[in-house]
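>>> sequence first, predicted coordinates after that:
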Amino acid sequence: MAGNEWINGYLEAILDVGSSTRKKNDGKLKIERFEEEKLKEQKLFSPTKYFVEEVINSFDESDLHRTWVKVIATRNTRERSNRLENMCWRIWHLARKKKQIAWDDARKLAKRRLVREQGRNDAADDLSELSEGEKEKGDSNLLESAKDLSRINSDTQIWSDDKFRHLYIVLISIHGLVRGDNMELGRDSDTGGQVKYVVELARALANTKGVYRVDLLTRQIASPEVDSSYGEPIEMLSCPSDGSGSCGAYIIRIPCGPRDKYIPKESLWPHIPEFVDGALNHIVNMARVLGEQVNGGKPTWPYVIHGHYADAGEVAAHLSGVLNVPMVLTGHSLGRNKFEQLLKQGRLSREDINTTYRIMRRIEAEELGLDAAEMVVTSTKQEIDEQWGLYDGFDIKLERKLRIRRRRGVSCLGRCMPRMAVIPPGMDFSYVTTQDSLESDGDLKSLLSSDRNQNKRHLPPIWSEIMRFFSNPHKPTILALSRPDPKKNVTTLLKAFGECHRLRELANLTLILGNRDDIEGMPDSSSIVLTTVLKLIDKYDLYGQVAYPKHHKQSEVPEIYRLAAKTKGVFINPALVEPFGLTLIEAAAYGLPVVATKNGGPVDILKALNNGLLVDPHDQKAIEDALLKLVADKNLWSECRKNGLKNINRFSWPEHCRNYLSHVEHCRNRHPTSRLEIMTIPEEPMSDSLRDVEDISLRFSIEGDFKLNGEIDAAAKQKKLIEAISQTASSNGNPSSYSPGRRQMLFVIATDCYNSEGGTTEKFQEIIKNVMKAAGCLGLGKIGFVLVTGSSLRETMEALSSCPVNVEDFDALICNSGSEVYYPWMDLVADGDYEAHLEYRWPGENVRSTVMRLGRVEDGCEDDITEDAAVCSSRCYSYNIKPGAKTRRIDDLRQRLRMRGFRCNLIFTRAASRLNVVPLFASRIQALRYLSIRWGIDLSKVIVFMGELGDTDYEELLGGLHKTLILKGSVECGSEKLLRGKDNFKKEDTVSMESPNINYVESYEAHNISAALGTLGIK
C-alpha cells in the first residue's frame, strides 16, 4: 500500500475541497503538496480535475474515458461532483488492482523463466562434453550419420517433380468457416487468413507431381446461422486433369460437438477428442480405398499429417501417434505470446484471460504439438525467435546442439526438439493478368468519363461501390484490407490520415473491413472498431475522402487491389503485430507499393520484395510520413512497383509446395509400419475365435451353451484352438496380425478401483463380472472385452485371479497406462507392433533418474519418490510415492521435462501412490484407437465403463466417439488432485460432460448396467 499513498492523498484532497473544518491532520502534508502545485501554476487549482487528468492519462481504459465524457456532459453541478467522486474511487481501485495483477504475474513469469533457464542449463551440461569414444564415433561415422539424419540440413534437395509417387497428404484446420469458393473472410475472428491459406495450400499440393490426394479436414457445421454448404460432408477443391496421376483435393467435414451450432474456437476444446476419432475413421477408410487404387491393396497411409493452429495441432498429434506417421505443425498465431501481451496490458487478470480465451488450454495444445511434430513451419524468423522461443518445448540453442550431435552420430541422450523451417506462404497468381503489370488507368478514366453509364457495365461492380464514396476519385487510393479487429490498428491509420492535411489533399482512403449487415449485431470487438471508425470519419470530416463499403465478395478482392493500383495508390498493413502478412504479397502481385508494420512477418517480406516501407504501428507520425512519401514521390512509387512485380514469384504456390515437400521428405524418420494392416471383413461370418486364421483347418461351432464366465462346454476344443493359434503366431513371428474374432462391439473396462493405499478393491472383480453378465444377455459371441489399467501385467493377473471369469475372456489387456498391449487368447503375447509405435521420442534410460529428481519438491525427502523396479518395463518406468509425500503435479513435472528436451507421457495411478512414465504416444485411449484400426471396429461401437474418479488420464477416456458409462460408487479414490494446478485449464476445457455419449449408471450392478445399455440402444 505504500506505493499508493499519493492516490490516497489525491482522494483526501478531493473529498476535503471546500470544507476546511473537515481537514484531518494526517492529510495536511498531502494538501500542502497541492497548494504548492497551485502556486506554481499561478491559477486556481482543481484537485479533482488534476487527479482525473493525471490518472486518466496513465491508463488505457476505454470505459473510464466514456465515464469522463459523461461527467463533462453532466449539467447539474452536484451530480457532476458525485460522478467525479465515484469515478475517482473507481480509478483508485482499478489502479490497485492493476498493480496487484502486474506484481503477481511478474512474479510468476520470473519464476517460470528461472525454472526454464535451469532446465536449459541441465540439458546443456549433459550435452556439453563428448567422450573420447563419442568423438571417434562422430568422426568415423560422419558421412554415414548424415544419410540417416531425420532433420533438415544444408544438403536438403529440392523436391523433384519426376519422382513417381502416390502421396496422400492430410491437412487439418478445425475452426472457422472453411469452403473452397466465396470464402467469408472477415465474417468473424475465426474466419480469416488461415482459412484462405489452408484452402489454397490444399489446391496447390494436389497440383504438385507425386501427390495423389490431399484432404483438408475441418468441422462440419449444420447450423441455421451459417450457409448450408458448411454442412456438406465432402467438397471437391480441385478436379484433376486427365493423365495427371492425381485424384485431387477435398474438404472433408468431420462432425464434432453440437451439430446445430457454430462454435467459436475458444469453445471447441471439449470436442477435440470427438474430432480425432472422426478424422481417424476417415483416414483409415481412405487408406483402404487408396491402397486398392494405387498400392496393390495395401493401405496407403498419409505421407504427412499437418495441423494448422493449436486445436488442429492437438488433433494431428493424436493421429500421428496412433497411425505412426510424421506430423507437421503451423501455429499461425500463438497463445503464449498473446497471453503475455494481455498480462502486460493489465486489463484482465490471469483468471479472466483464461476464462475468456481458454488460453492455458491453447498453450498446452501448442506444447503437445511441439512434442509430436517432426517439423514446425513458420512464416518468418521472428516467429521462431520471439514466439516459439517462449515455449517450454522449444529452445533454439538446444535444438542446434542436438542437430550437431545427430550429424556427428553422437547420442542425444533421449532429448528431442522439432526442427523449425521458415517457408513463407504461397499465393495464387491465377487472378493476376498481364495488364496488372502495366501502369494503365484507362479503365479508371472510362469509369469517370462523362458517359459513365455506358461504360459502367463493363467494369467490376466493386469499383463503383468504392468510388461512390469519393468526391474526387481521381486521387490515389490508400488501401487497407483486414477484419475489424483492434490488433489490426485501423484506427491509428485513420487518425494519421485525418490529421495530415497534405495526405488528405493527395489521396483517398479505402477501408475494407470484412462484411457487415448491422454493426450492433457483430461481436463486441468488431463493433467497437467499426463504431470508432465512423466516429473518426465524422470527427475529421472525412466524408468524400474515405470509402468503407459494407459488403464485398472474396472473388472481388483482386478487383479491389486493381483499383488501388490503377489510381497509383498504396497498400498499408498497420497491424500491431502481423505473424506473416499475406495481403502484402497479394498487393505486390497487383503492382501496389506497400507500407507495413515492422513487427512480425512484413520485415522478411519487404526484404525479399523491396517494394515499400516499414513503420512503427504505434507511431502515427511515421505512418503519415511513409504514406506521404510513396504517394507524393512518383519515382519512388514506380520503383517499388517494379521491384514487387519482379520478385513476387518467390511467393508462388508451386515454389512453396516444392520447398514444403523437400523439407517434409528430409524430416521424415517415421514410416507406417508394414505390419499395420486393416482387417478385411469376410463376406461370410466364421467362427469367432478363428476369423483371421485362414491357414488353420480347425473349425468348430460356437452354438453351444455359455457359462457365466464365458467358458465353452467343449473346454478341450478351446484349449486345442488356443495352442494352434499360438503355434501359428510363433511361426509367423507376427502375433498382432491376428484378430480375436468377429466383434460387433467392444466393452472396455476402465474402472480404476483402488483404495487409499493403492490396492485393488473387490469392486474391480464385481464390475468385471457384472459387465460380462450384462453382455451375456446381448449375445456374448459378438462382443469383445478389453481391460485397460494403470497396473502392470503381473498386478492385473493377480487381481483377475480372484475374479469369477477367465483371463481368456478378454480380447486384450492394456496395462501400465497404455504402454503395453497383451492378447490373452494368444498366451498373453505382447503386441510388438504396438511397441514399435511407441518407440518415437522415447528417452528410455536417459529419463529414468531425472524423473525422481524433478518429481520431488524443493523441501522433499529422498525417499518421497522411489523407483519400483518390480513393475518397470522397457516402455514404462514406475515410481512409488510415499504416503503423505509432496510431489509435483503432472503439469509441473511435464513442463520441467520438456524444458530439458524429454518427451514423455506421465500418469499418476493407483490412487496417486504410483507415477508411470511412458512414451509420448502411450495412453489408454491411444491404445484403444490402435486396436480399433487393427481389428476393424468403428470407435462408435466401443463402450467404455468408468468410475466417477480415476487416474490422471481419466479425462482422456471420457471424450470421443465411443460411448461412456460412468458407474456411480465404483471407484473410491482417484488421482486427479495431482493432474493440474489451479492456474491451469479446467476439466470442462478438456471434455464436455453434457455430451450425449456420456451417461451415468446408478450403480455397478448388472441390472443397472443392462438398463443403461438399453438406453443407448444396445439390446
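Okay, I see it. Keep in mind that this is a model prediction, so the values were computed, not measured.
>>> need the contact list for Arg516.
The contact partners of Arg516, by C-beta atoms under 8 Å, 6 or more residues apart in numbering, come to 484, 522, 526, 530, 550-551. (Glycine included, C-beta is placed from N, CA and C.)
>>> mind checking how far it is from Tyr548?
10 Å (C-beta to C-beta, to the nearest Å).
>>> same check, this time on Pro843
Where Tyr548 is concerned, Pro843 sits at a distance of 57 Å (C-beta to C-beta).
>>> between these two, which has more neighbouring residues?
Shown here are Pro843 and Tyr548; by other C-beta atoms under 10 Å, Pro843 has more neighbours (24 against 19).
>>> quick check: closest non-adjacent residue to that one.
Take Pro843 and drop its neighbours on the chain: the residue closest to it by C-beta to C-beta, 6 or more residues apart in numbering is Gly414, 2.7 Å away.
>>> leaving out chain neighbours, which residue sits closest to the residue nearest the centre of the chain?
Residue closest to the mean C-alpha point of the chain, counted by C-alpha atoms, centre = their mean, is Ala310 at 0.9 Å. Nearest residue to Ala310, sequence neighbours excluded (C-beta to C-beta, 6+ apart): Ala365, at 4.2 Å.
>>> distance of the one you found from Gly313?
6 Å.
>>> likewise for Asn916?
Asn916 is 25 Å from Gly313, by C-beta to C-beta.
>>> give me the low-pLDDT residue ranges for the stretch 401-550 of the chain?
For the stretch 401-550 of the chain, residues meeting the criterion pLDDT under 70 lie at 434-457.
>>> sorry, back to before: burial count for the residue nearest to Pro843?
Gly414, neighbours per other C-beta under 10 Å, totals 20.
>>> the helices in the stretch 651-800 of the chain, which residues?
Remark: helices assigned in the stretch 651-800 of the chain by DSSP state H, counting those that start in this stretch are 653-667, 715-732, 763-776, 793-801.
>>> among the ones you listed, which gets the worst mean confidence?
The weakest mean pLDDT among those belongs to helix 715-732, with a mean of 46.
>>> quick one on the thing from earlier: confirm the residue nearest to the centre of the chain sits in a helix?
Yes. Assigned with DSSP: H, G, I helix; E, B strand; the rest coil, Ala310 falls within a helix.
>>> all helices of the stretch 851-1000 of the chain, in order?
Using DSSP H, counting those that start in this stretch, helices in the stretch 851-1000 of the chain cover 890-899, 924-935, 954-958.
>>> out of those helices, which one sits most buried?
helix 924-935 (a mean of 25; mean count of other C-beta atoms under 10 Å).
>>> hmm, who's touching that one?
In contact with helix 924-935 (C-beta under 8 Å, 6+ apart) are residues 273, 276-277, 280, 284, 318, 321-323, 676, 678-679, 736, 739-740, 743, 746, 748, 750, 784, 786, 788, 811-812, 814, 817-818, 821, 834, 837, 937-939, 942, 944, 953, 956-957, 960, 962.
>>> for Arg408, grab the count of nearby residues.
For Arg408, using other C-beta under 10 Å, the count is 17.
>>> tell me if I'm right that Asn573 and Thr583 touch.
Yes. Asn573 is within contact range of Thr583, at 6.0 Å (criterion: C-beta atoms under 8 Å).
>>> the more surrounded of those two?
Asn573 (28 against 24).
>>> list the contacts for that one?
Residues counted as contacts of Asn573 (C-beta under 8 Å, 6+ apart) are 480, 482, 581, 583-584, 594-597, 602.
>>> so of these, which ones are in helices?
Among these, the members falling in helices (DSSP state H) are 583-584, 602.
>>> want to throw the residues you listed into CSV with distance to Met899 and pLDDT?
Putting these into CSV (distance: C-beta to C-beta, whole Å; pLDDT from 0 to 100) gives the following:
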residue, distance to Met899, pLDDT
Thr583, 37, 91
Leu584, 36, 94
Pro602, 32, 91
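>>> let's have these in TSV, adding distance to Leu609.
What follows is those, written out as TSV (distance: C-beta to C-beta, whole Å):
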residue	distance to Leu609
Thr583	13
Leu584	8
Pro602	10
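>>> looking at these, which is nearest Tyr1004?
Nearest to Tyr1004 among the ones in helices among the contacts of Asn573: Thr583, at 59.1 Å, using C-beta to C-beta.
>>> pLDDT on stretch 181-190, on average?
Mean predicted confidence for stretch 181-190 is 88.
>>> same question, stretch 373-385
According to the model, stretch 373-385 has a mean pLDDT of 89.
>>> quick one: terminal-to-terminal distance for it?
Taking C-alpha to C-alpha, to the nearest Å, stretch 373-385 runs 18 Å from one end to the other.
>>> show me how far that stretch is from its chain's centre.
Chain-centre distance of stretch 373-385: 15 Å, with C-alpha atoms, centre = their mean, to the nearest Å.
>>> sorry, back to before: any common contacting residues for Asn573 and Thr583?
What both Asn573 and Thr583 touch, as defined by C-beta under 8 Å, 6+ apart, is the set Ser482.
>>> tell me, how many residues neighbour Leu167?
23.
>>> which residues touch it?
210-212, 303.
>>> same check on Ile359?
Per C-beta under 8 Å, 6+ apart, neighbours of Ile359: 335, 338-339, 342, 353.
>>> and the next element down the chain from the lengthiest strand in the chain?
Ranked by residue count under DSSP state E, the longest strand found in the chain is strand 211-219. Next helix or strand after strand 211-219 toward the C-terminus (DSSP states H and E): strand 234-238.
>>> following that next one, which helix or strand comes up?
strand 248-254.
>>> that following strand pairs with which strands, parallel or anti?
Here strand 248-254 has these sheet partners by DSSP bridges: strand 211-219 (parallel), strand 234-238 (antiparallel).
>>> mind saving the C-alpha coords of the last one as CSV?
Once non-C-alpha atoms are left out, strand 234-238 reads as follows in CSV (Å, rounded to 0.1, in the frame of the first residue of the first chain):
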residue,chain,number,x,y,z
ILE,A,234,-17.3,-33.5,-48.8
GLU,A,235,-16.4,-30.7,-51.1
MET,A,236,-14.1,-31.0,-54.1
LEU,A,237,-11.4,-28.3,-54.2
SER,A,238,-9.6,-29.2,-57.3
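>>> just the buried positions in it, please.
235, 237-238 (16 or more other C-beta atoms under 10 Å).
>>> between those, which sits nearest Leu534?
For the buried residues of strand 234-238, the nearest to Leu534 is Glu235 (36.9 Å; C-beta to C-beta).
>>> does that closest one touch Ser229 like I think?
Yes. Using C-beta under 8 Å, Glu235 is in contact with Ser229, at 7.3 Å.
>>> which neighbours do the two have in common?
What both Glu235 and Ser229 touch, as defined by C-beta under 8 Å, 6+ apart, is the set Arg179.
>>> how many neighbours does Tyr834 have?
Neighbours of Tyr834 (other C-beta under 10 Å): 26.
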